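K.L.:
what would the 3D arrangement of this be:
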Amino acid sequence: DVARVDGQLAVARAFGDKSLKKHLTSEPDVSIETIDDDTDLIILASDGVMSNQEAVDAIKGIKDARSAAKHLTEEAVKRNSKDDISIIVVKF
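P.N.:
Okay, the predicted model is just below:
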């Protein structure tokens, strides 16, 4: 079960496909977040892994960023994620 553009091309492979250009946008979603002294961590993860708060709650007791990312990856697999799973955790 893979999301497809116009029922043909898998979304992850859709960028740059000239024949499906009318169905696609190359405009990225951009968000700017302020990092200050109260910021404990940043999680960059593929969508659909879990909610933002679930991810924070799942790793709040884990001190090491690598271990935290591994834990989130394992949790996504346990939840039967059918998509690619990419997770980066930065701890301050």
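K.L.:
tell me what whichever strand or helix holds Ile43 is packed against?
P.N.:
Per DSSP states H and E: Ile43 is located in strand 41-45. Packing partners of strand 41-45 (3 or more C-beta pairs under 8 Å, 6 or more residues apart in numbering; DSSP states H and E): helix 52-59, helix 65-78, strand 87-91. The way it works is simple: take the backbone N, C-alpha and C, and place the C-beta from them, glycine included.
K.L.:
Leu41 is nearest to which of these?
P.N.:
strand 87-91 (4.9 Å; C-beta to C-beta).
K.L.:
mean confidence score for the closest one?
P.N.:
If you average the pLDDT over strand 87-91, you get 95.
K.L.:
next: stretch 48-63.
P.N.:
The average pLDDT within stretch 48-63 is 91.
K.L.:
can you lay out the helices and strands packed on strand 41-45 as JSON lines showing mean neighbour count and distance to Leu44?
P.N.:
As requested, the helices and strands packed on strand 41-45 are exported to JSON lines (neighbours: other C-beta atoms under 10 Å; distance: least, C-beta to C-beta, whole Å):
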{"stretch": "helix 52-59", "mean neighbour count": "14", "distance to Leu44": "10"}
{"stretch": "helix 65-78", "mean neighbour count": "16", "distance to Leu44": "9"}
{"stretch": "strand 87-91", "mean neighbour count": "16", "distance to Leu44": "4"}
